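>>> how would this look folded up:
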Amino acid sequence: MALMNFRRDAAPDAAADPGPVPAFLDGFSIEVMPRTAAGVEDFRAILPAGTRVYIAHIDGTPIADMVACAARLRREGFEPMPHFPARLIASEAILRDWVNRYKAEAGVHQALLLGGGVNTPAGDYTSAMQMLESGAFDGFTRLHMAGHPEGNRDIDSDGGDAIALQALRLKQDWAARSDAKMAIVTQFCFEPAPVIAWVDKLASLGIHLPVHIGIAGPAKLQTLVKFAIACGVGPSLRVLQRRARDVTKLLLPFEPGEMVAALAAHKAANPAFGIESVHFFPLGGIKTAATWVAEHTKGETA
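This next block holds a predicted model:
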């Protein structure tokens, strides 16, 4: 979920000015899977202390591996936020077991609740809202929900957004009754216009949950196209398709600099704009993404 069309024709002195990007990236989050985390010797060498690290739960991953990853991140000084995909959870008993294990073994008190992109649910849960209403997350300090700036046909099969928006209204109503901080973390896309329009639309509808905008980290073009198609990225996929037609750029890594800069500029010009934070999908590797963020929070530009 992303932004482009940032002007590159500034004067040399202006080009050296990082502008609003470092502030926009401050407090970013990132995600890992247990198997990718295993390839990182020490997260303290690549991420700022206290960074929120989402732990993606892919179908078939044992809960023991998920909890062990969370415990490791906690030991190294980070804030683990595991995914709870509703359609992969067979019963309320299993949901509560997962929650209790995360709390007891890894000190987890933050979670991302989402539907989970499988066609046939493992049990009774099909949505994040059902898990919220179960009471299993009572006492958590922060709960995040999924958002889709370009829509999600798993939710709105007609290509619209009516069902997804209604779900966000229900979650905002629930947030008003909860002590937990809540936010929307979004799918990644590759143009600014859909993101800005979607965030503004939420505000116009009275949905004021903070948005943590999803950004695809640096990766090979082929890798990004593969993930974008698998994740249902919408019309902004054309940005990658245009890039693929340019043989001079085909083998170069695609970086999110233009998108981040454009979103940062829009936020700086419109302080009330609903994006609160940036969440990175490290599709080209967590070390690559972490290095890119470190360079840009130090004021370096792409």
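>>> Every contact and neighbour count from this point should use C-alpha atoms.
Noted.
>>> which SS class is residue 146?
Three states are possible here, and by DSSP: H, G, I helix; E, B strand; the rest coil the one that applies to residue 146 is strand.
>>> same question, residue 82
Secondary structure for residue 82, judged by three-state DSSP, is strand.
>>> Not counting sequence-adjacent ones, nearest residue to it?
In this structure, residue 82 finds its nearest non-sequential neighbour in residue 55, 4.5 Å apart by Cα to Cα, 6 or more residues apart in numbering.
>>> ok, that neighbour - contacts?
31-34, 66, 69-70, 80-83 (Cα atoms under 8 Å, 6 or more residues apart in numbering).
>>> how does it look with 7 Å?
Residue 55 makes contact with 31-33, 80-83 under the criterion Cα atoms under 7 Å, 6 or more residues apart in numbering.
>>> For those residues, pick the one with the most neighbours.
Taking other Cα atoms under 10 Å to define a neighbour, the member of these with the most is residue 80, carrying 28 neighbours.
>>> and it, bridged to which residues?
As for beta bridges, residue 80 partners with residue 53 under DSSP bridges.
>>> Surely it touches residue 74?
Yes - counting by Cα atoms under 7 Å, a contact exists between residue 80 and residue 74, whose distance comes to 6.5 Å.
>>> returning to what we had before: turn the contacts of residue 55 into a markdown table, columns for pLDDT and distance to residue 219.
Converted to a markdown table, the contacts of residue 55 look like this (pLDDT from 0 to 100; distance: Cα to Cα, whole Å):
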| residue | pLDDT | distance to residue 219 |
| --- | --- | --- |
| 31 | 97 | 15 |
| 32 | 97 | 15 |
| 33 | 96 | 17 |
| 80 | 98 | 24 |
| 81 | 98 | 24 |
| 82 | 98 | 24 |
| 83 | 97 | 23 |
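>>> Make CSV from the residues you listed and add distance to residue 163 to it.
Compiled in CSV, these are given as follows (distance: Cα to Cα, whole Å):
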residue, distance to residue 163
31, 27
32, 29
33, 29
80, 30
81, 26
82, 25
83, 22
